[in-house]
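Chemist: Please find the sequence and the predicted model below.
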Amino acid sequence: MKFFIDTADLDEIREAASWGVLSGVTTNPSLYAKTGGKLADFEDHMVKICEICDGLPVSAESTAETTEEMIAEGKRLAALAPNIVVKLPICEESLPACHALAAEGVRVNMTLVFSAPQALLAARAGARYISPFVGRFDDIGDDGLAQLETVVNAVQNYDYGYWDAEGGPEIITASVRTPNHVTQAALMGADIATVPFGALKNCVHHPLTDQGLEKFAADWKKVVEG
Ligand code: G3P
């Protein structure tokens with residue numbers, strides 16, 4: 001499974017990239033707002049992320065509301081850098097926009113996916129990536145991982161003909177909160193997990209690893225001190 005980082009914070013992206021584990025970046029309007037960025041700087045900010053990521057796919061989300069505006073904004077975003085992926089929320093307006101953008105070779109990441117029919121429609125419309133959310137189901141007392149499994153199984157049953165050469169459409173497990181979300185997504189064969197930096201750090205750690213490190217350090221101190 002590939003790891004994307006789910007953030008618009010340049011320092012977090014730089015640090016995760018330095019670990020050598022990163023295969024892409026996803027952003028959304030909330031994550032950009034969290035950086036304190038202004039509207040006028042949005043496109044420059046996406047270009048900076050693309051530069052840090054050196055060719056890895058970077059999802060930049062459109063906030064347009066009509067199909068025509070999504071297509072126009074999608075083309076503008078895609079022109080910022082070759083590795084830009086246009087993120088669109090699944091809705092009646094975005095399916096034709098996705099279809100039109102895919103026909104021009106623009107990669108779309110269909111987001112806010114909460115059901116298998118939404119994911120199947122996104123794939124059929126030519127989405128390069130499909131982002132089912134896990135954590136937001138858990139937030140409302142549902143089982144986000146069971147919902148993810150439904151989407152993964154349904155999408156993987158078929159071929160879609162748009163992005164075969166690149167192995168698409170790929171499923172991005174989104175709204176990831178815990179290492180167990182990552183584990184279970186990998187076990188069910190989701191292609192990618194996009195993980196916030198805090199949760200990515202939590203994936204590095206395990207209580208037994210931390211205990212083991214302390215014991216090695218303490219025992220080595222005895223050796224050093226004779
Ligand atoms: O980027 C989409 C998704 O990963 C957002 O996650 O934590 O806001 O539910 P979250």
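Modeler: Perfect, thanks for sending it. Numbers count the residues shown, from 1 in each chain.
Chemist: The protein against the ligand: which residues are in contact?
Modeler: 6, 26, 28, 111, 133, 135-136, 174-175, 194 (Cβ under 6 Å from any ligand atom). Every residue, glycine included, has its C-beta placed from N, CA and C.
Chemist: Of those residues, which belong to strands?
Modeler: Among those, the members falling in strands (DSSP state E) are 6, 26, 111, 194.
Chemist: Spatially, and excluding backbone neighbours, which residue is closest to the first one.
Modeler: If the residues on either side of it in the chain are set aside, residue 6 comes closest to residue 194, at 4.2 Å by Cβ to Cβ, 6 or more residues apart in numbering.
Chemist: now for the longest helix anywhere in the chain, which elements pack on it?
Modeler: Determined from DSSP state H, the single longest helix within the chain is helix 207-225. Helices and strands in packing contact with helix 207-225 are not found; criterion 3 or more Cβ pairs under 8 Å, 6 or more residues apart in numbering; DSSP states H and E.
Chemist: So for it, mean pLDDT?
Modeler: The predicted model assigns helix 207-225 a mean pLDDT of 97.
Chemist: Please indicate which of the residues of the chain next to the ligand are buried?
Modeler: Neighbour-count burial (16 or more other Cβ atoms under 10 Å) is assigned, among these, to 6, 26, 28, 111, 133, 135, 174-175, 194.
Chemist: Show the low-confidence segments of the chain, by residue range.
Modeler: By pLDDT under 70, the chain has no low-scoring segment.
Chemist: all helices in it, in order from the N-terminus.
Modeler: 10-18, 29-34, 42-53, 67-78, 94-103, 116-124, 135-139, 144-156, 179-187, 197-204, 207-225.
Chemist: quick revisit: reformat the ones in strands among the residues of the chain next to the ligand as a markdown table; add distance to residue 69.
Modeler: Shown next, in a markdown table, are those (distance: Cβ to Cβ, whole Å):
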| residue | distance to residue 69 |
| --- | --- |
| 6 | 25 |
| 26 | 21 |
| 111 | 17 |
| 194 | 25 |
